[in-house]
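sequence and predicted structure are below.
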Protein chains: 4
Amino acid sequence: MAVSVDKEQAIHKAAIQVISEYGFHKAKMAKIAEVAGVSAGSLYTYYSDKDHILDRIFEVLWKKDWAGLMPLAAREDLSPLEKLEAAIDLIFDVLAGDRNLIIVFANEFNNFMKNKEVSFARHYTEFQGAFLSILTEGQAQGVVNPHLPGEVICDFILGGIRKTLYERVTSDRGNDWAILRTHIKAMIRRGVLV
Amino acid sequence: MAVSVDKEQAIHKAAIQVISEYGFHKAKMAKIAEVAGVSAGSLYTYYSDKDHILDRIFEVLWKKDWAGLMPLAAREDLSPLEKLEAAIDLIFDVLAGDRNLIIVFANEFNNFMKNKEVSFARHYTEFQGAFLSILTEGQAQGVVNPHLPGEVICDFILGGIRKTLYERVTSDRGNDWAILRTHIKAMIRRGVLV
Amino acid sequence: MAVSVDKEQAIHKAAIQVISEYGFHKAKMAKIAEVAGVSAGSLYTYYSDKDHILDRIFEVLWKKDWAGLMPLAAREDLSPLEKLEAAIDLIFDVLAGDRNLIIVFANEFNNFMKNKEVSFARHYTEFQGAFLSILTEGQAQGVVNPHLPGEVICDFILGGIRKTLYERVTSDRGNDWAILRTHIKAMIRRGVLV
Amino acid sequence: MAVSVDKEQAIHKAAIQVISEYGFHKAKMAKIAEVAGVSAGSLYTYYSDKDHILDRIFEVLWKKDWAGLMPLAAREDLSPLEKLEAAIDLIFDVLAGDRNLIIVFANEFNNFMKNKEVSFARHYTEFQGAFLSILTEGQAQGVVNPHLPGEVICDFILGGIRKTLYERVTSDRGNDWAILRTHIKAMIRRGVLV
DNA sequence: AATGAATGAGACTTCATTCAT
DNA sequence: AATGAATGAAGTCTCATTCAT
């Protein structure tokens, strides 16, 4: 029998679940296999090693839609503000609703980036570059505060969203993602003042 | 000779360095000992086990000044906005400038909270409560946007600051903390729009 | 392949050998593994930890036949003296001939009992209770000296047998267990006087 | 200041107490020092190492009076039976009443003998030889059962006494050593039968 | 391709012993 | 002589990975 796509996905999903619960280092291969309903040995038919499983999680996450930010940033039929909102929507569309994925993303992202070869890091740099370009365009057009460095805006927004999502799925803060999205957009645009 | 405060601090500092470099799970006790300039066995004169070292890092971090938020929030001679800014200053004062501590804090906080008994979690809850009370007061006085849930503001700000600090020490984005602080305060107050 | 009964028994036997030679605390897991012909890690496929290995040795020893004393003591077709002799036979049948097991039993029994949860201790208490009931019955029927407290008789006999077996396998005192058994029975019944 | 006899004895006593509670291998030097009221380092002023402490315990035990068996066995003014009783009294006199010493003796004797150089082993062999000579004399004079091998009698009696004493101090079986001594003598002479 | 028992490198931790004070 | 912090060798146990079936 050829390698099974079903099985590969079962492992992928199980890994997200187990890693979200225990963290990457405490997530045991045996536990992932158990949750996936396969043997421990089978993990190695689909993945070269434990790191590879995490690699793939971030790769899938990337391919899911984040890559969509680049063409978005380049569009000329949208204003910078529309693009900024679309970028935020894009992050929400990818993550919101998937509790375990949010947790893995929030907890493992930094450590993941630290160890990883260029491949993913380059992806993320591209993403950031596109995000930055939207902000820069906004500043050029006089709609975004020109005194704020783009990197700071970028980091602050991404960090703010990440933690907000994480706390939402970790604590019990409801799951009305549509309203949350609105709040975050408002805060980004206008700040907290009245 | 009594237990040495110097040695205890050497270990503390070495642990922050090693954990910031490798992450908690890959940080080996032997490596921490080596960096601290003591034998592996000596670690156990000052700490009961590896977890205890991390516990202590967060405990020291907490005692350093975060606890200062509670009396701050209660002050009546300051406006909510002044308190909000003071709270942000407080976070910066604790973390800014200490590269390794920022990294440990950013990377280990979530996992740390997951495993910890009430002691630190309660501290953090108090901190968050004080932060929330400042925002709520601001909303009551009509200076903070009443449509934004306090928790969302709180998470977003704390997450934004965390990532901004982390990226700053991780990438090469200069280290002018005073200016960074100003940018972040501005963004929190007025958002990114002009 | 399912867990191997052969391997489990190889470890069991190797443990008895190594513990008999070095004593429990000086018996290294690595040595047990080596003697058993498996890797150190494999020990943990069959036993949760080192203590568990010793637990199991006593458990097997118990199940081997000591449990047989209880029904024996209850039999009504045997006189108390016949039961007493049968009890002694039972101990000999379990231990005699197995040099290493005798050594482990003699050396680790006390320390084992000290640490152990009720499970084995209860077994042993049952055993002792059955032994006592035989003696008490003998006293009631006027064949056993009524002036001797049952516990003292019981302790003395069991202690006497234990040391006799131990010295026999430890020194070079032959291995004619059948004759030894006879001597001991005679001594118990009639003492050392002519 | 010269080495203190008081301190040496405090350590000796503390060691007996701690070893009786935990067993030799789990008895920590630090704990012995604590109980003795000295520092851990001071143990090494009086003893070369941990083994030495146990050596000394058995040495003192030996010198206490067991050595008295040899002249006793050689006396010509006593009958073999009187000597046998005197030998049993001697063991009781040395051990009875000292709870911790009984426990240490019962638990560590075998392991101690296994590792020890000739010195103590030779002592014990002498002791056993003297005991045997009493029995042999008894057989020669027709008062001790000539069919029982001396070694078996010897082992059985010593093992019986050891366990009886141990159980007595370990369980709660009273502490009337005088009566216990009588029971044991009776059992040895006449057995359990009426 | 699937299994899961077996492997063994490596980590944490203990504790008898040392030695500077 | 006394102290007790420091040492580091050694031991138990874990778990990602392999491989015979």
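Looks like it arrived, so ask away.

buried sites along the helix or strand hosting A:Gly138?
Using DSSP states H and E, A:Gly138 maps to helix A:118-140. Within helix A:118-140, the residues that count as buried by 16 or more other Cβ atoms under 10 Å in any protein chain shown are A:120, A:123-124, A:127-128, A:130-139. C-beta coordinates here come from the backbone N, C-alpha and C atoms, glycine included.

burial count for the nearest residue to A:Ser133 once chain neighbours are set aside?
Closest residue to A:Ser133 apart from its sequence neighbours, by Cβ to Cβ, 6 or more residues apart in numbering or on different chains: A:Ala73 at 5.1 Å. A:Ala73: 23 surrounding residues under other Cβ atoms under 10 Å in any protein chain shown.

tell me who's in contact with A:Ala73.
A:83, A:87, A:130-131, A:133-134 (Cβ atoms under 8 Å, 6 or more residues apart in numbering or on different chains).

closest one of the residues you listed to chain D?
A:Phe131 (59.5 Å; Cβ to the nearest Cβ).

separation between the closest one and chain B?
12 Å (Cβ to the nearest Cβ, to the nearest Å).

do A:Lys116 as well
Distance from A:Lys116 to chain B, counting by Cβ to the nearest Cβ: 13 Å.

now swap in A:Glu76 and tell me
For A:Glu76, the distance to chain B - Cβ to the nearest Cβ - is 21 Å.

just the pLDDT at that residue, thanks.
On pLDDT, A:Glu76 comes in at 93.

chain A against DNA strand F: which residues are in contact?
A:26-30, A:40-41, A:43-44, A:49-51 (Cβ under 7 Å from any atom of the strand).

alpha carbons only: can I get the host helix or strand of A:Leu101 in CSV?
Element membership for A:Leu101 (DSSP H and E) is helix A:99-115. Output in CSV follows, covering the C-alpha atoms of helix A:99-115 (Å, rounded to 0.1, in the frame of the first residue of the first chain):
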residue,chain,number,x,y,z
ARG,A,99,-7.8,26.5,19.2
ASN,A,100,-4.9,24.0,19.2
LEU,A,101,-3.2,25.7,16.3
ILE,A,102,-3.3,29.1,18.0
ILE,A,103,-1.6,27.6,21.1
VAL,A,104,1.1,25.8,19.0
PHE,A,105,1.7,29.0,17.0
ALA,A,106,1.9,31.2,20.0
ASN,A,107,4.1,28.9,22.1
GLU,A,108,6.4,27.4,19.5
PHE,A,109,6.9,30.2,17.0
ASN,A,110,9.9,31.8,18.7
ASN,A,111,11.8,28.6,19.4
PHE,A,112,10.9,27.4,16.0
MET,A,113,12.4,30.4,14.3
LYS,A,114,15.5,30.2,16.4
ASN,A,115,16.4,26.8,15.1
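
buried residues in it?
Across helix A:99-115, burial judged by 16+ other Cβ under 10 Å covers A:99-112.

before we move on, the earlier item: can you put the contacts of A:Ala73 in a markdown table and add pLDDT?
Listed next are the contacts of A:Ala73 as a markdown table, based on pLDDT from 0 to 100:
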| residue | pLDDT |
| --- | --- |
| A:Lys83 | 96 |
| A:Ala87 | 95 |
| A:Ala130 | 95 |
| A:Phe131 | 95 |
| A:Ser133 | 96 |
| A:Ile134 | 97 |
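
could you identify the most distant pair in those?
A:Ala87 and A:Ser133 (10.5 Å; Cβ to Cβ).

and A:Ser39, how many neighbours?
The burial count for A:Ser39: 12, using other Cβ under 10 Å.

please apply the same query to A:Leu54.
Residues contacting A:Leu54 under the criterion other Cβ under 10 Å number 22.

my guess is it meets A:Asn107, correct?
No - assessed by Cβ atoms under 8 Å, A:Leu54 is found out of contact with A:Asn107, at 11.0 Å.

need the residues touching each of these two.
Common neighbours of A:Leu54 and A:Asn107 are listed as A:Phe24 (criterion: Cβ under 8 Å, 6+ apart).

closest residue of chain A to DNA strand E?
A:Gly41 (1.8 Å; Cβ to the nearest atom of the strand).

what's the distance between A:Lys23 and C:His25?
Actually, residue A:23 is Gly rather than Lys. 36 Å (Cβ to Cβ, to the nearest Å).

the two: who's more crowded?
For A:Gly23 versus C:His25, neighbours defined as other Cβ under 10 Å are more numerous around A:Gly23 (20 against 15).

show me the contacts for the spatially closest residue to the more buried one that is not a sequence neighbour.
Excluding the flanking residues, the one nearest A:Gly23 by Cβ to Cβ, 6+ apart is B:Asn111, at 5.0 Å. B:Asn111 is in contact with A:23, A:107, B:24, counting by Cβ under 8 Å, 6+ apart.
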